[in-house]
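*Asks:* need a structure here:
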Amino acid sequence: MDTTQKHMDLSGEWSFAIDSLNVGENENWFSKDLTDIVKLPASMAENGKGNDVTVNTNWTGNMWNDSLWYKDPKMKKYRQKGNIKVPFWLTPVKDYKGAAWYQKSVTIPEDWNNKKINLHLERVHWESTVWVDDKKVGMQNTLATSHDYDLTEFLTARNHAISIRVDNRVKDINVGIDAHSISDNTQSNWNGIVGDIELRATPKLSLSLVKLYPDVSNKTVKVVAQIENYSENSNATLMLQAKEKSIDAEVLGEVKKEIKLNSNNEIEVVYDMGDNPKLWDEFNPNLYEMQLTLKSDEGTDTKTIDFGMREFKADGTVFKVNGRPIYLRGTLECAIFPKTGYPPTDVDSWKRIYKIIQAHGLNHMRFHSWCPPESAFEAADEMGVYIQAEASAWLANLGDGTPVDKWLYKEGEAIINAYGNHPSFVMMTYGNEPSGKYHKEYLTKYVDYFKDFDNRRLYTSGAGYPYLDNMDYYNHRGPRIQGWNENLKSVINAKPPQTEFDWSKFIDKTPMPYVSHEMGQWCVYPNFKEMAKYTGVLKPKNFKIFKESLEENGMEKLADSFLLASGKLQTLCYKADIEAALRTKGMAGFQLLDLHDFPGQGTALVGVLDAFWDEKGYVSPEEFKNFSGTTVPLARLAKRTFKNTDTLSAEIEIAHFGKEALKNAIPKWTLTKSNGSVFSKGELKTVDIPIGNGIKLGAINQHLIAIDNPQKLILNVMVNEFKNSWDIWVYPNQKASINNKSGYKVISKLDANTLAYLNNGGNVLLNITKGDIKSEYGGDIGIGFSSIFWNTSWTKEQKPHTLGVLCNPEHPALTHFPTEYHSNWQWWDAMSHSNVIIFDDLPNLQPIIRVIDDWFKNRKTALLFEAQVGQGKLIFSGIDLHTNIENRLEAKQLLYSLQSYMESDDFKPKTILNTNHIQNLLNYK
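*Replies:* Numbering: from 1, shown residues only. Next up is the predicted model:
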């Protein structure tokens, strides 16, 4: 009796032809010898097949404001043949949307006679049609799962030609051209076949779909096995045996079941996992494998299915795994794979990614509008990562009765049937941000259907919205410190720095777990050194455009400084976002957009990691994990800047979602100076810390009177090995007097008398009122404290438009305003009461404080500069240092620092400007 499955690897050379006119099927190309050659698994682009990118390339993806590229005079040179560069996503080396034919000759061995033969194509993009010789087998068009064709009746023991027509066009099944399952925004809309490509021979009485339903409470697994019978036999024996997937693995008992079969049968067996089965979660990702053996006169067929004993449930507003509360700390994966243009199908590639996100404190990954290959689930199983998979769509017309409505049910079923046994697969939805007249009705039925179809995971309506009563959890964008189109009215830009707020207003009115949707979206300046990594099919021509713009404006030497300074601000924004979520008692989790860069939708450089998951150099995984890990100390501070006559008051709490409660923990705190010396320290009461958040540890009250010079202090809170920190600033209430106040003027409007005073040798500090700068010199630039949200192109210039400050902290003008080279919270007031000044027309100017412009424009922008004007000296401040200044502690301190500088011997501006230069900046005369 033959007891082995047969496999024929079909990877390697295939004959190939492009069917751009879509005539191949009518002209019977399946009966012809195709003359070109490609290698599979691969895409057409990897094989160098397809068209060069031109102005007429038919992209898969919405343009939004990116469509300006086609008519913007500044982009004209990038629309010329030989110099095509698009700014809105990575550029493929070859582009093709249409049909392509792949053909291979195979010889079926004699011992495959009387076998069931399956053609397995692990990942096809995306519609495949198969012929054996001149006989059509069928068509499949799932995006997320393998295409498997039963070739039993077509193959005999001789030579055959297998022809596969792959079509990657968006046709009647339209999942949305921005869906990351198909979009040029990220993976590219590639044509090809990747992963395993093989023929498989099994007995005609064999195992088909197997689903395993762990029951943690009863310590059993329900095994539901479909058995296909293409023989005349009706008797078989099914044997089941589970064992641990580990060294020295325990082997559990064998269960044997005699079965009598019809043509197709579903067999159900409850398997006892013993007295103490090991459970699966993020801390102990214990795995088992269930071996199923089916014996009959037709032969022996076996399947080995990995599974874990885990229960993922909603309990009120929180998630629980095996009865223990968890908090999802997640990021997105939007099918971003610049070297190949498609996702990897090997486990090691996914393990690398998960290892990186875990190093940054995260335990969860959402696959935005797509579902990854089997290897991603296998790696997540082994590493304890919780996955939200999506049924490949992002639709604006969901429920309108188009063919995609039915297809989404098929896609959802295929995903669950293929990957549903993986314990890491805990959440699912149809896809991203749906809309349409009937989308709520459609999704209500969709959620009900899949909750009934498979109860091993939780379901929601769509990533982002809408709210439906029958969902298991709510995935919504409410808890974010910057939302779409909030501009400068967001929490981070409209409210002075503090760490007291949380998102209870959302959680308290939502009777199910609430996971923040696409939180973050904070941008950083491009890392042009990254460009050398793009050695595959997607090229960073968008980066080249931005780099050339920077060079044209004479700032190429500042590229690394822009990256690092904006990166520090970006990290600060992510910290604020994440901590607000962790402070919210009862919140179920967050999903960042994103830990790594998103190369499309206008180029959204939102990652602290690049598109390859590599660090950029301004924040380490350990630093990030301090505010995003399993256990995070938190401080509620009413403000970040103090007078030395104030008392620092902070309520200390902790978010703890570790493996176990912390017993007899002693929270400790220090206030350290920038040089590392300790200003003060203390301990809070010894406490047992349960699993959860909103757990109060005590209060810190520290007098600051001993601080006699302006400086930054760092509040550090430590609980066991867990540490978090917050920067604060302390300014003396009584300042040393300035000796020679009569030696300069501080003004807010430039008039004729002041100009005469300057020309005759007087010194002037001009601090404008917001709105005084002409639009062409920066008045229209939306400046706020935070980094850019997503990017200015795809958001159609949503504010803020800038990436923080860049300065030399050793400049004597800042002696009494302690700062780093980048934005920190003490800059919030300045950025909120200012206009940027464009100084493109002043080529020799070296500002005291630069502002980092967005990478699409790369203008020379400043907040503060100095110059010789006539016989006098001028400090020009785009920061308002006069309005309500007694209530603006930071502005008052900065003004003092600038005044002290002006009366010192260090005040010697080198740049020479005339009065016209200054007057031209202002929108008044």
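
*Asks:* Tell me which residue is most central in this structure.
*Replies:* Asp594 (2.4 Å; Cα atoms, centre = their mean).

*Asks:* tell me the contacts of that residue?
*Replies:* If a contact means Cβ atoms under 8 Å, 6 or more residues apart in numbering, then Asp594 has Thr331, Leu332, Cys334, Gly520, Gln521, Val606, Gly607 as its contacts. Yep, even glycine has a C-beta here, placed from its N, CA and C like the rest.

*Asks:* Relative to Ala588, how far out is the spatially closest residue to it that is not a sequence neighbour?
*Replies:* Leaving aside its sequence neighbours, Asp594 sits nearest to Leu332 (Cβ to Cβ, 6 or more residues apart in numbering; 4.9 Å). According to Cβ to Cβ, to the nearest Å, Leu332 stands 17 Å off from Ala588.

*Asks:* ok, now Ser188?
*Replies:* Distance of Ser188 to Ala588, computed by Cβ to Cβ: 34 Å.

*Asks:* quick one: which of the two has more around it?
*Replies:* Ser188 (31 against 26; other Cβ atoms under 10 Å).

*Asks:* pLDDT wise, what is that one at?
*Replies:* Per-residue confidence (pLDDT) for Ser188: 96.

*Asks:* Show me which parts of stretch 27-40 are buried, residue by residue.
*Replies:* Trp29, Phe30, Leu34, Val38, Leu40 (16 or more other Cβ atoms under 10 Å).

*Asks:* doesn't the second one fall inside a helix?
*Replies:* Same thing as Phe30. Yes. Counting by DSSP: H, G, I helix; E, B strand; the rest coil, Phe30 is found in a helix.

*Asks:* Next one: it, what pLDDT does it get?
*Replies:* Phe30 is assigned 98 on the pLDDT scale.

*Asks:* Enumerate every residue touching it.
*Replies:* Listed by Cβ under 8 Å, 6+ apart, the contact partners of Phe30 are Gly24, Trp101, Gln103, Trp131, Asp133, Asp134, Lys136, Ala161, Ser163, Arg165.

*Asks:* Surely the third one is in a helix?
*Replies:* No. Assigned with three-state DSSP, Gln103 falls outside any helix and is strand.

*Asks:* Pretty sure it sits against Leu10.
*Replies:* No. At 11.2 Å, Gln103 does not count as touching Leu10 under the criterion of Cβ atoms under 8 Å.

*Asks:* Kindly point out which residues are neighbours of both of those two.
*Replies:* Ile162.

*Asks:* What lies in contact with stretch 824-834?
*Replies:* Taking Cβ under 8 Å, 6+ apart as the rule, stretch 824-834 contacts 493, 496-497, 568, 572, 640-641, 712, 727, 729, 770, 783-785, 804-805, 817-819, 823, 863, 878-880, 883, 888-891, 894.

*Asks:* Which of these are buried, as a ChimeraX select command?
*Replies:* Buried residues among those (16+ other Cβ under 10 Å), as a ChimeraX selection:
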select :493,496,497,568,572,640,641,712,727,729,783,784,785,804,805,817,818,819,823,863,878,879,880,888,889,890,891,894
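
*Asks:* Out of the contacts of stretch 824-834, which sit inside strands?
*Replies:* Among the contacts of stretch 824-834, the members found in strands (DSSP state E) are Thr641, Lys712, Asp727, Trp729, Gly804, Val805, Leu863.

*Asks:* so the second one bridges to which residues?
*Replies:* Taking DSSP bridges, one finds Trp729 as the beta-bridge partners of Lys712.

*Asks:* wait, isn't it in contact with Thr672?
*Replies:* No. Using Cβ under 8 Å, Lys712 is not in contact with Thr672, being 9.7 Å away.

*Asks:* Could I get the full set of helices for the chain?
*Replies:* 347-359, 374-383, 403-419, 439-453, 491-494, 504-507, 541-552, 559-583, 621-626, 752-759, 828-832, 889-902, 915-921 (DSSP state H).

*Asks:* possible to save these as JSON lines with mean pLDDT and distance to His180?
*Replies:* Rendered in JSON lines, the data for those read as follows (pLDDT from 0 to 100; distance: least, Cβ to Cβ, whole Å):
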{"stretch": "helix 347-359", "mean pLDDT": "98", "distance to His180": "15"}
{"stretch": "helix 374-383", "mean pLDDT": "98", "distance to His180": "14"}
{"stretch": "helix 403-419", "mean pLDDT": "98", "distance to His180": "14"}
{"stretch": "helix 439-453", "mean pLDDT": "98", "distance to His180": "19"}
{"stretch": "helix 491-494", "mean pLDDT": "98", "distance to His180": "27"}
{"stretch": "helix 504-507", "mean pLDDT": "97", "distance to His180": "26"}
{"stretch": "helix 541-552", "mean pLDDT": "97", "distance to His180": "18"}
{"stretch": "helix 559-583", "mean pLDDT": "98", "distance to His180": "22"}
{"stretch": "helix 621-626", "mean pLDDT": "98", "distance to His180": "24"}
{"stretch": "helix 752-759", "mean pLDDT": "93", "distance to His180": "57"}
{"stretch": "helix 828-832", "mean pLDDT": "98", "distance to His180": "34"}
{"stretch": "helix 889-902", "mean pLDDT": "97", "distance to His180": "42"}
{"stretch": "helix 915-921", "mean pLDDT": "93", "distance to His180": "44"}
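
*Asks:* who wins for proximity to Gly48 among those?
*Replies:* Closest to Gly48 of the helices of the chain is helix 541-552 (Cβ to Cβ; 17.8 Å).

*Asks:* roughly how far out does the closest one sit from the chain middle?
*Replies:* 24 Å (Cα atoms, centre = their mean, to the nearest Å).

*Asks:* Name the residues that touch it?
*Replies:* 78, 84-91, 526, 528, 530-531, 556, 558-559, 599, 603, 855-858.

*Asks:* How many residues are close by the residue nearest to Asn664 when sequence neighbours are not counted?
*Replies:* Leaving aside its sequence neighbours, Asn664 sits nearest to Thr686 (Cβ to Cβ, 6+ apart; 5.6 Å). Neighbours of Thr686 under the rule other Cβ under 10 Å: 10.

*Asks:* Show the contacting residues for Thr686.
*Replies:* With Cβ under 8 Å, 6+ apart, Thr686 has these contacts: Asn664, Ala665, Ile666.

*Asks:* Look up how far Asp841 lies from the first one.
*Replies:* What it means is Asn664. Separation of Asn664 from Asp841 (Cβ to Cβ): 66 Å.

*Asks:* And the two? Which one has more around it.
*Replies:* Counted by other Cβ under 10 Å, Asn664 and Asp841 do not tie: Asp841 has more neighbours, with 12 against 9.

*Asks:* if I pick that one, what's in contact with it?
*Replies:* Neighbour list for Asp841: His917, Asn920 [criterion: Cβ under 8 Å, 6+ apart].

*Asks:* tell me the pLDDT at it?
*Replies:* Per-residue confidence (pLDDT) for Asp841: 88.

*Asks:* Alright, calling it a day.
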